[in-house]
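Undergrad: Starting from these lines, generate the structure:
(chains A and B)
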Amino acid sequence: MTAPERPPVGSGFSTLLYKELLRFWKVSAQTVMAPVLTALLYLLIFSHVLESHVKVYADVGYAAFLAPGLVMMSMLQNAFANSSSSLIQSKVTGNLVFVLLPPISHVEFFGAYVIAAIVRGLCVGAGVMAVTLVFAWPPLRAPVWIAVFALLGCAFMASIGMFAGILADKFDHIAAFQNFFILPATFLSGVFYSIHSLPPFWQKVSHFNPFFFMIDGFRYGFFGQSDVSPWLSLAVVGASFAVTALALLVMLERGYKLRH
Amino acid sequence: MPAIEVRQLSKRYGALVALDGVDLSVEGGEFFGLLGPNGAGKTTLISVIAGLTRADAGRVCVMGHDVVSDYRLARSNLGVVPQELVFDPFFTVRETLRFQSGYFGLHRNDAWIDEILANLGLEDKANANMRSLSGGMKRRVLVAQALVHRPPVIVLDEPTAGVDVELRQTLWKFVARLNRDGHTIVLTTHYLEEAEALCGRIAMLKAGRVVALAPTADLLKHHASAYLRLKVAGALPAEVLALSPRESAGTYRFRLAGFDQVESILAPVRTRGLHIEDLAIESPDLEDVFVQIMEGAAA
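TA: Model (predicted):
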């Protein structure tokens, strides 16, 4: 042991990001493989039952139509699950203190949790995409839109997950948020159908669901067709992320429900 | 420059006043004790120093750096061993320490981590998952986490609560060594004999206020009187019991205003012909001082 010296002040961002990545990767059977299996079951059942009954776009089979929606839905749900579960676990077990004691800024904190959640979303998305190729090969008309919506959608859901993780006091709160908000919003976003097949009232309601724009924009990247303009979807998803990110940064800077 | 400087610190939780204008400073290299009953505000004070809690009023500096406006330097200079036995179940001991080091910007720190592991008897547990460790081992890892970025100021919040005698002794030897090496140590504990043996200066808190702040030797010298320990065969006379001695297993302990009082206690015993089984004059210890100060301080 030597006498204390003035410690250097470096950034903890890369370590926090690495820890968050390792956290989900260590249990990848649960965090990556399980959602891929779930998506595979959706694809098996829905494409088998509806393939001959539903035609959304001309010259696009139902399985091919369904695949991008399932990929995006899986990515969004898992991006949310990653940031929300990490935060609530750390809060409930008390080990969040190890991240709050070091000189990690609110921006670094936000960045690490969001990027880790995006990476998990993309891992799951890649896995779901791989298994869907067994059933259908959707075209890739505009890959840049695919990347943009994948990243922005995951970032938005990671932020929502952080919100939920910060606001929740116990696991039940996260489960309620997931069951009563995330799950209905994703299922009613046009993953399994085009909103043009809905009655006019429900078409209008869908336009208040940000998940609809994420799925529709992502799907545009594959088929070059969508229910609304991809630019409108980009504006809605981008604005949604900007608002949640800004609100989260304010909450984190003030230590809301983290530093009492 | 004090290692820790606390000025007019106040914190409320609703109607509860956790800290009420606390003023104190801890000099560099001190072994400082922070004592008080449950709910006195010790953990709140430590939480404010560590940046885990925002104060309503007042200011705290660690090594001259404000814990709010200059939090990066303040936190870099501080290592905290939390009271709760918390850990991340996903990782091994070494991973836990590497992460903690990395959070402080120290990314290649394995030599120091190995040294800490060796000093805390954790070498053979380095690659064990945190979940598999005993409570005592987890407590050692908490201490290691607080030291991993070589902070000059170390705060230990009841580090020996619920740990066995062997670990307590190992821990105190290690912490005393850190103090000799120049680290400033701030300790809260309910084991007052530990505080008496280790701390050069002590602050006592009650209801969020500092009710005593002095070198340990001065507290023992000025605040407590001697005690008479007495055990007799049979019941003590009523006029002796009226002095309100503390009783434990038939042995009574009288606080003496002066040595002259010994005779006034023993005379009724002698008059009634009671057999004295045990008799001793005892010097006060920190527990006696603590009890006197807490009884004397207004709530």
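Undergrad: Quote the end-to-end distance of stretch A:23-30.
TA: 11 Å (C-alpha to C-alpha, to the nearest Å).
Undergrad: hang on, B:H149 in a helix?
TA: No. Under the criterion used here (DSSP: H, G, I helix; E, B strand; the rest coil), B:H149 is coil, not part of a helix.
Undergrad: dump the residue contacts of it.
TA: A:7, A:102, B:76, B:79, B:100-101, B:104, B:106, B:109 (C-beta atoms under 8 Å, 6 or more residues apart in numbering or on different chains). Every C-beta, even on glycine, is put in place using the N, C-alpha and C of the backbone.
Undergrad: make it 10 Å
TA: B:H149 sits next to A:7-10, A:12, A:101-103, B:75-79, B:100-106, B:109, B:112 when contact means C-beta atoms under 10 Å, 6 or more residues apart in numbering or on different chains.
Undergrad: okay, which residue is most central for the chain?
TA: Since no chain was named, I'll use chain A. A:L76 (2.5 Å; C-alpha atoms, centre = their mean).
Undergrad: right idea, wrong chain: chain B
TA: B:T188 (2.3 Å).
Undergrad: Secondary structure element holding B:A18?
TA: B:A18 belongs to strand B:16-26 when assigned by DSSP states H and E.
Undergrad: Give the ChimeraX command for selecting the buried subset of the contacts of B:H149.
TA: Of the contacts of B:H149, the buried ones can be selected in ChimeraX as follows, counting by 16 or more other C-beta atoms under 10 Å in any protein chain shown:
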select /A:7,10,12,101,102,103 /B:75,76,77,78,79,100,101,102,103,104,105,106,109,112
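Undergrad: hey, what's B:R246 bridged with?
TA: B:R246 forms beta bridges with B:R253, as assigned by DSSP bridges.
Undergrad: For chain A, what is the nearest residue in chain B?
TA: Per C-beta to the nearest C-beta, B:G105 is where chain B lies closest to chain A, at 1.8 Å.
Undergrad: Next, give phi and psi for that residue.
TA: phi 90, psi 10 (degrees, to the nearest 10).
Undergrad: quick one: pLDDT of the residue in the stretch 151-260 of chain A that chain B sits nearest to?
TA: Using C-beta to the nearest C-beta, the single residue of the stretch 151-260 of chain A nearest to chain B is A:H260, 5.2 Å away. Each residue has a pLDDT score; the one for A:H260 is 82.
Undergrad: where's the residue lying closest to it once chain neighbours are set aside relative to A:L43, distance?
TA: Residue nearest to A:H260 in three dimensions, not counting chain neighbours: B:T53, with 5.2 Å by C-beta to C-beta, 6 or more residues apart in numbering or on different chains. For B:T53, the distance to A:L43 (C-beta to C-beta, to the nearest Å) stands at 50 Å.
Undergrad: cool, and A:L198?
TA: Distance, A:L198 to A:L43, by C-beta to C-beta: 22 Å.
Undergrad: ok, now A:V119?
TA: Distance from A:V119 to A:L43, by C-beta to C-beta: 23 Å.
Undergrad: And for A:K26?
TA: 28 Å.
Undergrad: In terms of neighbours, single out the busier of those two.
TA: Looking at A:K26 and A:L43 with other C-beta atoms under 10 Å in any protein chain shown, you find the greater number of neighbours at A:L43, namely 20 against 13.
Undergrad: isn't that one right up against A:V131?
TA: Yes. In this structure, A:L43 is within contact of A:V131 by C-beta atoms under 10 Å, at 7.3 Å.
Undergrad: Chain B contacts on the stretch 151-260 of chain A?
TA: Counting by C-beta under 10 Å from any C-beta of the partner chain, the residues of the stretch 151-260 of chain A close to chain B are A:254-255, A:258-260.
Undergrad: Give me the nearest residue to the residue of chain A found nearest chain B, chain neighbours excluded.
TA: Per C-beta to the nearest C-beta, A:G10 is where chain A lies closest to chain B, at 1.8 Å. Using C-beta to C-beta, 6+ apart and skipping the chain neighbours, the partner closest in space to A:G10 is B:G105 (1.8 Å).
Undergrad: Could you pull up the residues touching that neighbour?
TA: Counting by C-beta under 10 Å, 6+ apart, B:G105 has contacts A:7-15, A:102-104, B:72, B:76, B:149.
Undergrad: Any stretches of the chain with poor pLDDT?
TA: Because you didn't say which chain, this covers chain A. A:1-9, A:50-56, A:58 (pLDDT under 70).
Undergrad: Wait, chain B was what I had in mind.
TA: B:223-224, B:297-299.
Undergrad: where along it do the helices fall?
TA: Using DSSP state H, the helices of chain B run over B:42-50, B:71-76, B:93-103, B:110-119, B:135-147, B:165-180, B:192-198, B:216-223, B:238-241, B:261-271, B:286-296.
Undergrad: hmm, the second one touching chain A?
TA: What it means is helix B:71-76. Yes. Residues of helix B:71-76 contacting chain A under C-beta under 10 Å from any C-beta: B:71-76.
Undergrad: and which of these is nearest A:K19?
TA: B:R75 (17.6 Å; C-beta to C-beta).
Undergrad: Confirm for me that that closest one is in contact with B:G51.
TA: Yes. Because the distance of 5.8 Å satisfies C-beta under 10 Å, B:R75 is recorded as touching B:G51.
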